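J.: Generate a structure from the sequence data that follows.
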Amino acid sequence: MGDIQSYETPIMSLDEFKIGLLDKDSVPGLLFRSDENGFYNIGIQINDTEVVKVGSATEDNAMERIQYWSEKIDDIKQRYKDRTPRLKPFGGKNSYDTFENQK
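T.: This is a model prediction of the structure:
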């Protein structure tokens, strides 16, 4: 496993990641948000309700980090493709719970 990079990053609810100024349409699957201080969090959406936070950046290196992670989207999604969503959106139920409760 020496050649496989380990991503020890938190999985967050999509709603939690959206707190701040969010841009999600520039690169499909890549989310980045900034705060009022110009600090960026970078995440990759892995299902309907969850995001893996993969990095952070300052205003000075944000474009470089966003480019780096935009090339890794498919790898990250592949890594988490079998994950059952476990995090609920704020104030609601995730699609898995909703489906289970309808049975």
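
J.: Which strand runs longest in the chain?
T.: With secondary structure taken from DSSP state E, the chain has its longest strand at strand 50-57.

J.: Can you list phi and psi of the closest residue to residue 81 other than its chain neighbours for me?
T.: In space, and not counting its chain neighbours, residue 81 is closest to residue 46: 8.0 Å by C-beta to C-beta, 6 or more residues apart in numbering. C-beta here means a position set from N, CA and C on the backbone, and glycine is covered the same way. Main-chain dihedrals, residue 46, degrees, to the nearest 10: phi -110, psi -10.

J.: Give the buried residues for the longest strand of the chain.
T.: When neighbours are counted by 16 or more other C-beta atoms under 10 Å, the buried residues of strand 50-57 are found to be 50-55, 57.

J.: measure the closest residue to residue 73 other than its chain neighbours to residue 58 for me?
T.: Distance criterion C-beta to C-beta, 6+ apart; nearest residue to residue 73, sequence neighbours excluded, is residue 29 at 4.5 Å. In this structure, residue 29 lies at 23 Å from residue 58, with C-beta to C-beta, to the nearest Å as the measure.

J.: Looking at the two, which is more packed in?
T.: When neighbours are counted by other C-beta atoms under 10 Å, residue 29 comes out ahead of the other of residue 29 and residue 58, with 16 against 11.

J.: And the helices in this protein?
T.: Counting by DSSP state H, residue ranges of the helices within the chain are 14-17, 62-70, 73-79, 95-102.

J.: Let me have the ones you listed in TSV, extended by mean neighbour count and distance to residue 38.
T.: Converted to TSV, the helices of the chain look like this (neighbours: other C-beta atoms under 10 Å; distance: least, C-beta to C-beta, whole Å):
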stretch	mean neighbour count	distance to residue 38
helix 14-17	18	18
helix 62-70	15	8
helix 73-79	14	24
helix 95-102	11	34
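
J.: Can you give me the neighbour number for residue 39?
T.: Neighbourhood size, residue 39 [other C-beta under 10 Å]: 14.

J.: Contacts only, for residue 38.
T.: Going by C-beta atoms under 8 Å, 6 or more residues apart in numbering, residue 38 touches 58-59.

J.: Could you measure from it over to residue 56?
T.: Relative to residue 56, residue 38 is positioned 12 Å away (C-beta to C-beta).
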